[in-house]
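Trainee: Give me a 3D structure for the following:
(4 chains)
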2 protein chains.
Amino acid sequence: MKRQPSTRIVIADDHPLFRGALRQAVSTALEGADVSEVGSLEALTEALDTGGDADLVLLDLTMPGVQGFSGLLFLRADHPEVPVIVVSANDEPSVIRRCIEFGALGFLPKTADVAQMGEAIRAVLEGSVWTPPGIDLNAPVDAETATMVRNLSSLTPQQVRVLMMLSEGLLNKQIAYELGVSEATVKAHVSAILTKLDVDSRTQAVIAAAKIAGTAWATTGASATL
Amino acid sequence: MKRQPSTRIVIADDHPLFRGALRQAVSTALEGADVSEVGSLEALTEALDTGGDADLVLLDLTMPGVQGFSGLLFLRADHPEVPVIVVSANDEPSVIRRCIEFGALGFLPKTADVAQMGEAIRAVLEGSVWTPPGIDLNAPVDAETATMVRNLSSLTPQQVRVLMMLSEGLLNKQIAYELGVSEATVKAHVSAILTKLDVDSRTQAVIAAAKIAGTAWATTGASATL
DNA sequence: GCCCAGTTTCGCCGTTTGTCGGATTTGCTC
DNA sequence: GAGCAAATCCGACAAACGGCGAAACTGGGC
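Mentor: Next up, the predicted model:
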């Protein structure tokens, strides 16, 4: 599919101010781009569902209702074909590598200047992967983590949703209600998840997901508030 | 109980080299002290069980088989009366405060010099609390976290053990075998834990424990290896 | 058109989980 | 000794969980 003159870009960040700054940078780098902004993951998926797939999504890792990599994971599962650049204040190499492992095509530190943003956006739109200089994407990864990342990536969109709800401690019945399906369906998904993650119980699945998908949770999240 | 001339001090750290350095500092600060070293939590509890309660334990937060604050929590649950100084390379204020909240009487950064170590040890032996300068122990803490910390602290020793095993994804039956008790007992403990933590299922208990007790788990543990 | 993967549903079955009430022992404190 | 909390155990029960086989529907790719 040939790209239309108006490239469609969606900015997903819960901070309106930073959304504005990003929009500014995008407009400068890409004249005539169709830029829209959303402040939550729900709004993002809705925008992608209704407006058709975008050419690029700029995704903040920490948004309301999403912690750690689960937002990226969720987006990747729901719209595998949409290119994603992760935008985050946390620019540790391990985080950047994890983002790329989970299918992001680029990583933009929030400290990046406009020139870098433009560079990253253009690179990703052209189909290549962009990360800040000095990041070795081929650094050795501990084997156990690598297999778990593969396992997580093999989950279908709905299974990712279910896993995220498992991680909130919901019962099958509650998940069924939330998703608007029967409990039998949820059980089927849970069984599939357990098989794919190679664990025996929902609790172990939650533990595994917490280990890998990050869940900045308390460890980093609390240290920010404390 | 009056303190005998020979003060009994146990150093718990998995790094032999640093154990030696600590022993050196302790000996300098406290002549004639009875200093013993252990390299794991099991060895520590065994030392405390057989040799009688020590006058002071210097505890490293990261030891084999223990992550995050669970080691401290476990020790506090098993030997509430033994004074503990946490020794850690991680000297973030939030970590230090959390240690004190969980009942440690002191916090010693691994970067501390011998003079500071002696100061800390003497202060704690005299019954006061010692932290590095510039740490405000009364800093406002987010309410939700505070209640969870209280809840966790209210667990009995055995309940802490059970909660730690829940966090490993073990079944009631497996926990029963590990602890050498019946499954009925484990169920009783689990029920008590659920009540105290104010949650409805074991999975939610694990999530709550992971949030609060730190579980350096992947977030810090992986970033160290990656 | 066919096929495939994902999603959805069902029923059956055994296991696990969690609650409730009651019970005993231990050890500590008053 | 009385009182108390912790830990241990029991039986019974309802709910939740998880596996198995089977079936149907969907959307996209060949």
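
Trainee: Skipping adjacent residues, who's closest to A:Arg122 in space?
Mentor: Excluding the flanking residues, the one nearest A:Arg122 by Cβ to Cβ, 6 or more residues apart in numbering or on different chains is A:Ala29, at 6.6 Å. Any C-beta I mention is one placed from the backbone N, CA and C, and that applies to glycine too.

Trainee: so how far is chain B from that neighbour?
Mentor: Using Cβ to the nearest Cβ, to the nearest Å, we find A:Ala29 at a distance of 31 Å from chain B.

Trainee: can you count the residues close to that residue?
Mentor: Neighbours of A:Ala29 under the rule other Cβ atoms under 10 Å in any protein chain shown: 19.

Trainee: which residues does it contact?
Mentor: The contact partners of A:Ala29, by Cβ atoms under 8 Å, 6 or more residues apart in numbering or on different chains, come to A:Val114, A:Met117, A:Gly118, A:Ile121, A:Arg122.

Trainee: repeat that for 7 Å
Mentor: Applying Cβ atoms under 7 Å, 6 or more residues apart in numbering or on different chains, we find A:Ala29 in contact with A:Met117, A:Gly118, A:Ile121, A:Arg122.

Trainee: can you tell me the helix or strand for the second one?
Mentor: Spelled out, it's A:Gly118. Assessed by DSSP states H and E, A:Gly118 sits inside helix A:114-125.

Trainee: What is that helix packed up against?
Mentor: In terms of contacts (3 or more Cβ pairs under 7 Å, 6 or more residues apart in numbering or on different chains; DSSP states H and E), helix A:114-125 is packed against helix A:16-29, strand A:56-60, strand A:84-88, strand A:106-109.

Trainee: is any part of the helix or strand following it close to DNA strand C?
Mentor: Counting by DSSP H and E, the next helix or strand C-terminal to helix A:114-125 is helix A:143-153. No. Shown here: helix A:143-153 not in contact with DNA strand C (Cβ under 7 Å from any atom of the strand), separated by at least 10.9 Å.

Trainee: Can you name the element that comes right after helix A:143-153?
Mentor: Heading C-terminal from helix A:143-153, the first helix or strand you meet, by DSSP H and E, is helix A:157-166.

Trainee: how about the residues of chain A near DNA strand C?
Mentor: For chain A, the residues in contact with DNA strand C (Cβ under 7 Å from any atom of the strand) are A:156-159, A:176, A:179, A:181-182, A:184-185, A:187-189, A:201.

Trainee: lowest-pLDDT helix or strand in chain A?
Mentor: When each helix and strand of chain A is scored by mean pLDDT, DSSP states H and E, helix A:217-225 comes last, with a mean of 32.

Trainee: ok so, going back, can you give me the buried ones in the helix holding A:Gly118?
Mentor: Within helix A:114-125, the residues that count as buried by 16 or more other Cβ atoms under 10 Å in any protein chain shown are A:Gln116, A:Met117, A:Gly118, A:Glu119, A:Ala120, A:Ile121, A:Ala123, A:Val124, A:Leu125.
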